[in-house]
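>>> here are the coordinates; sequence isn't available:
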């Protein structure tokens, strides 16, 4: 068990903390990466395949993380597995069969734990394959940039070393400092205390919540009163990212030159944070109302605002090249401040 690893295996306490906290920080990095791609329009042509592979990686990550969350076999792990797997029972005709197959029986039990352990071990190999394809697609289409303009000459590029290596090394060091602070001083801060209570099928927790990185989608699930429609909405909130390159009809990639889209992007970020808070609280009273409003806004962003923005938004003038954009910004910063008239 996880407690056996933490208490009896040499350096097991550090390894388990590293793994648990690392999962949360992996999702933090991925969410930042997705937000950056959406802000700079990295999903637009010719990088559709690159974007879709990234979304596939995100889906496999979520499946791997969920199955790993069940393995401690605490109260929240057990009931989280029971609630989430029960969602598949809403599928017409085959729902109960799918749930029985996932459980390995007629209830969440040892067979479920063994299946989830096997999948938690095997899915990272699928993840590694998708990451390889993601990197391949990146080399085929080339990486994006904050201007959203394609490279036109050697002046628009810089060498990988030392520019990218030093920038990435600095980001990695900052990331590791925060990661180590959590791992050594607050390894359980992002978890649930009740998950240290052994799983008991006869005692239901007062409030069942998943890990924090699933909370926005959990809020969308609970915002819909119908079980089947709630499951559809939850999966649709993730799968909609696959068709994002075709939902955004604007010819301009970067939000730097799209004033209305920039505002809508930050409103979407706020909306996702609100959904996270809603998912962490019981679905009743004001939380339920806020969750439904936030869910409507989430889908409206992708299905209404993005298609219409391409028709009505007037973007700022684009620079002729990446180098012109960089040089103009450098020149503006180097100009002396205007002196007041005497």
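In hand now; what should we look at? What you are looking at is a predicted structure, and each value in this text was computed from that prediction instead of being measured.
>>> where do the helices sit along the chain?
2-8, 12-39, 48-70, 75-86, 95-103, 110-141, 165-185, 215-223, 227-239, 244-247, 259-279, 286-300, 306-312, 322-334 (DSSP state H).
>>> which strands and helices sit next to the shortest one?
Taking 3 or more Cβ pairs under 8 Å, 6 or more residues apart in numbering; DSSP states H and E as the contact definition, the neighbouring helices and strands of helix 244-247 are helix 48-70, helix 306-312. Where you see a C-beta, it was placed from the backbone N, CA and C, and this is true even at glycine.
>>> highest mean neighbour count out of those helices?
helix 48-70 (a mean of 19; mean count of other Cβ atoms under 10 Å).
>>> now that one against helix 75-86, angle please.
Interaxial angle, helix 48-70 versus helix 75-86 (axes from the mean of the first three to the mean of the last three Cα atoms, to 10 degrees): 130 degrees.
>>> counting by contacts, list what helix 48-70 packs against.
helix 12-39, helix 75-86, helix 110-141, helix 227-239, helix 244-247.
>>> so for the first one, what's the average pLDDT?
Just to be clear, that refers to helix 12-39. Helix 12-39 carries an average pLDDT of 94.
>>> okay, angle between it and helix 165-185 too, please.
Using the same axes, to 10 degrees: helix 12-39 against helix 165-185 is 140 degrees.
>>> ok, residue 21 - contacts?
If you count contacts by Cβ atoms under 8 Å, 6 or more residues apart in numbering, residue 21 has them with 179, 182-183, 187, 190.
>>> let's see that with 7 Å instead.
Residues counted as contacts of residue 21 (Cβ atoms under 7 Å, 6 or more residues apart in numbering) are 179, 182-183, 187.
>>> if I look at the nearest residue to residue 315 once chain neighbours are set aside, how far off is residue 49?
Excluding the flanking residues, the one nearest residue 315 by Cβ to Cβ, 6 or more residues apart in numbering is residue 252, at 4.4 Å. Using Cβ to Cβ, to the nearest Å, residue 252 is found at 21 Å from residue 49.
>>> do the same with residue 186
39 Å.
>>> and if you look at residue 287?
39 Å.
>>> avg pLDDT for stretch 293-300?
Stretch 293-300 comes out at a mean pLDDT of 98.
>>> count of residues packed around the residue nearest to residue 4 when sequence neighbours are not counted?
Distances taken as Cβ to Cβ, 6+ apart place residue 12 nearest to residue 4, at 7.9 Å, with adjacent residues excluded. Other residues near residue 12 number 15, with proximity taken as other Cβ atoms under 10 Å.
>>> right, and residue 12 touches residue 6 too?
Yes - look at residue 12 against residue 6 with Cβ atoms under 7 Å: they come within range, at 5.6 Å.
>>> quick one: residues contacting residue 64.
120, 123-124, 127.
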